[in-house]
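Q: have a look at this fold, sequence not included:
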């Protein structure tokens with residue numbers, strides 16, 4: 001559900017052996033984020049850029065670098081970080097729900113098996 005609202009951008013290395021075909025990227029309408037270019041950008045440049053450029057820049061830096069720099073996590077990369085945290089939170093919640101459902105099903109099945117057991 002959370003990923004439905006996030007526009008995807010792929011980090012590209014600029015090598016044909018690692019990156020998908022350009023025609024595939026254009027077909028899906030994803031922003032082409034070249035890591036080599038994004039590493040040269042400054043925070044001032046990214047502040048006035050589009051959401052795709054901000055996502056590219058923050059994705060290139062990574063979660064650790066963004067969290068360690070208050071200017072990034074409270075400014076330029078705030079939306080990117082919030083989207084990623086939301087996605088991880090939904091995934092963790094889904095895993096927790098599956099565990100609870102499995103425990104409830106196990107309890108029901110063990111109880112039913114006890115009732116079905118013959119008396120002699």
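A: All right, it came through fine. None of these values were measured; they are calculated from a predicted model.
Q: and the strand or helix carrying residue 92, what's buried?
A: Using DSSP states H and E, residue 92 maps to helix 78-116. Buried residues in helix 78-116, counting neighbours by 16 or more other Cβ atoms under 10 Å, are found at 80, 81, 83, 84. Just so you know, the C-beta spots here come from the backbone N, C-alpha and C atoms, and that holds for glycine as well.
Q: can you redo those residues as JSON lines with distance to residue 47 and pLDDT?
A: Putting the buried residues of helix 78-116 into JSON lines (distance: Cβ to Cβ, whole Å; pLDDT from 0 to 100) gives the following:
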{"residue": "80", "distance to residue 47": "13", "pLDDT": "89"}
{"residue": "81", "distance to residue 47": "15", "pLDDT": "91"}
{"residue": "83", "distance to residue 47": "18", "pLDDT": "90"}
{"residue": "84", "distance to residue 47": "19", "pLDDT": "89"}
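Q: out of those residues, which is nearest to residue 37?
A: The shortest approach to residue 37 among the buried residues of helix 78-116 belongs to residue 80, at 17.1 Å (Cβ to Cβ).
Q: tell me how far the closest residue to that closest one other than its chain neighbours lies from residue 65.
A: Spatially, and ignoring its direct neighbours in sequence, residue 80 is nearest to residue 58 (4.1 Å; Cβ to Cβ, 6 or more residues apart in numbering). According to Cβ to Cβ, to the nearest Å, residue 58 and residue 65 sit 9 Å apart.
Q: find residues that contact each of those two.
A: When contacts are counted by Cβ atoms under 8 Å, 6 or more residues apart in numbering, residue 58 and residue 65 have residue 72 as shared neighbours.
Q: mind checking which of these two has more residues around it?
A: residue 58 (24 against 13; other Cβ atoms under 10 Å).
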